[in-house]
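J.: quick one, structure for this:
(chains A and B)
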Amino acid sequence: EPEVTQTPSHQVTQMGQEVILRCVPISNHLYFYWYRQILGQKVEFLVSFYNNEISEKSEIFDDQFSVERPDGSNFTLKIRSTKLEDSAMYFCASRTGTGHNQPQHFGDGTRLSIL
Amino acid sequence: DAKTTQPPSMDCAEGRAANLPCNHSTISGNEYVYWYRQIHSQGPQYIIHGLKNNETNEMASLIITEDRKSSTLILPHATLRDTAVYYCIVRPIWNTGNQFYFGTGTSLTVIP
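T.: From the prediction side, this is the model:
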């Protein structure tokens, strides 16, 4: 069964450094998402992306964050200058373009640790 | 999005059916009910979704009441691997980005 893959599984970065989290969505999916989950807390929506532009973003997704689909397969989340509070699990998700009720499928996440 | 209410935790004996309730009394006509689960720190796993009819797939059954104000996820024969946090999410189809808003879910423990 096709799945969403995320790399790396664990990223350790110094505060203030830039980090790029990578995702390969399911082939032929058209809608892409990033979520995060701080340890012990809820899964929180960050941003949705369709047709090469952001569809929706949450208050968390400020100017320090950006997303890109640089080629036909990857979907990336960049944090320009990381803060301690950016430490979390980051999940990528994708869904097919046919039917707005179709579910999203999630990857297993990247654990981001900011030192 | 309509708010959902789930019990914070439940136990179920291995091999028995696990029935996980969800209250969504403010649901509107265009909102679907989705169920996901999260095993330890893995990514949320899609289980099932529905609008108003009962649904069944290889993982579970979804029973939605006639007034749509509540639903029940049924795992027919729970195994230890079904121990996870289960999320009931209501989402309108007109939501531009179609993103999900997760609550705190129900932590299901399957007991040997």
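
J.: alpha carbons only for contacts and neighbour counts from here, please
T.: Will do.

J.: what about B:E66, how many residues nearby?
T.: 11 (other Cα atoms under 10 Å in any protein chain shown).

J.: list the contacts for B:A18?
T.: Applying Cα atoms under 8 Å, 6 or more residues apart in numbering or on different chains to B:A18 gives the contacts B:C12, B:L73, B:I74, B:L75, B:P76, B:H77, B:A78.

J.: state which one residue of chain A is found closest to chain B.
T.: A:D108 (4.2 Å; Cα to the nearest Cα).

J.: so B:V90 touches A:P103, yeah?
T.: No. B:V90 is beyond contact range of A:P103, at 11.7 Å (criterion: Cα atoms under 8 Å).

J.: select only the buried ones of the contacts of B:A18 in PyMOL?
T.: This is how PyMOL selects the buried members of the contacts of B:A18, with burial counted by 16 or more other Cα atoms under 10 Å in any protein chain shown:
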select buried, chain B and resi 12+73+74+75+78
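
J.: circling back to that earlier point, so B:V90 and A:P103 - more neighbours on which side?
T.: Set B:V90 next to A:P103 and count neighbours by other Cα under 10 Å: B:V90 wins out with 26 against 21.

J.: what pairs with the helix or strand containing the more buried one, parallel or antiparallel?
T.: Under the criterion of DSSP states H and E, B:V90 resides in strand B:84-92. Strand pairing for strand B:84-92, determined by DSSP bridges: strand B:31-38 (antiparallel), strand B:106-111 (antiparallel).

J.: C-alpha coordinates for that strand, PDB please?
T.: This file holds the C-alpha atoms of strand B:84-92, laid out as PDB (Å, rounded to 0.1, in the frame of the first residue of the first chain):
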ATOM      1  CA  ALA B  84      -3.600   3.600  20.700                       C
ATOM      2  CA  VAL B  85      -5.200   7.100  21.000                       C
ATOM      3  CA  TYR B  86      -8.300   7.300  18.900                       C
ATOM      4  CA  TYR B  87      -9.500  10.600  17.400                       C
ATOM      5  CA  CYS B  88     -13.000  11.500  16.200                       C
ATOM      6  CA  ILE B  89     -12.900  14.500  13.900                       C
ATOM      7  CA  VAL B  90     -15.700  16.400  12.300                       C
ATOM      8  CA  ARG B  91     -14.800  18.400   9.200                       C
ATOM      9  CA  PRO B  92     -16.900  20.400   6.700                       C
END
